[in-house]
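Engineer: Quick one: sequence plus predicted model below, questions after.
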Amino acid sequence: MSWLRDLRDKEPPEPMKPIGIIVIGNLAPDRHDLPKEKVRKALKREQFKTVNLGVSVSPEDFLSLAFENKANIIAISINTNKAKENLEKFIGLCEPLGPVLPYIIIGGSAVTIEDARKYGIIYGDSAEEAVKIAKSLVKGKKE
């Protein structure tokens, strides 16, 4: 069934009428691209415009690029303990922004639902769950 895997791994087309905009990347210094890419492609297949920030993205760049792209959602992949340590810095930058902040979703092997609860953000443990969460969030878009 390698043809099925190849089809799944193929880059989805850009959505004609995106249902939302998501900036997605790995929080610095995380360079584990594969889990983030699986989520990004799943979101794109479900008609989200995804802005791929890449790997080892600083907390400051996540925020500035989210606002630059008018994102509804910031999706952060965290697969190392060093990146998890940067989550607190990211949240500290977010606190003064309050209601203008896009929704924040985290996932990855170094974080848990308890980490998300600690910071008042959203946790997804799979690409499928990320899609489900993102769809529910854009129904009540922050303007």
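Structural biologist: Ah, there it is. Keep in mind it's a predicted model, so treat the numbers as computed, not measured.

Engineer: Rank the helices and strands of the chain by mean pLDDT and give me the bottom one.
Structural biologist: Ranked by mean pLDDT, DSSP states H and E, the helix or strand of the chain with the weakest confidence is helix 2-9, at a mean of 56.

Engineer: Helix, strand or coil: sort out the most centrally placed residue in the chain for me.
Structural biologist: Per C-alpha atoms, centre = their mean, the C-alpha nearest to the average position across the chain is that of residue 75, at 1.3 Å. Of the three states, residue 75 takes strand according to DSSP: H, G, I helix; E, B strand; the rest coil.

Engineer: Show the pLDDT at it.
Structural biologist: At residue 75, the model reports a pLDDT of 98.

Engineer: Pull up the gap between it and residue 106, please.
Structural biologist: 8 Å (C-beta to C-beta, to the nearest Å). C-beta here means a position set from N, CA and C on the backbone, and glycine is covered the same way.

Engineer: what does residue 83 give?
Structural biologist: 10 Å.

Engineer: mind saving the C-alpha coords of stretch 77-84 as CSV?
Structural biologist: The C-alpha coordinates for stretch 77-84 follow below in CSV (Å, rounded to 0.1, in the frame of the first residue of the first chain):
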residue,chain,number,x,y,z
SER,A,77,4.7,21.7,17.5
ILE,A,78,6.8,20.9,20.5
ASN,A,79,8.9,17.7,20.3
THR,A,80,11.9,18.4,22.6
ASN,A,81,12.2,19.5,26.2
LYS,A,82,14.3,22.5,25.1
ALA,A,83,11.4,23.7,23.0
LYS,A,84,9.0,23.0,25.9
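
Engineer: tell me how far that stretch is from the chain's mean position?
Structural biologist: 13 Å (C-alpha atoms, centre = their mean, to the nearest Å).

Engineer: again with stretch 86-101
Structural biologist: Using C-alpha atoms, centre = their mean, the offset of stretch 86-101 from its chain centre is 15 Å.

Engineer: Identify the residues contacting that stretch?
Structural biologist: With C-beta atoms under 8 Å, 6 or more residues apart in numbering as the test, stretch 86-101 has contacts from 27-29, 58-60, 62-63, 76, 78, 104, 106, 111, 115, 119, 121, 142.
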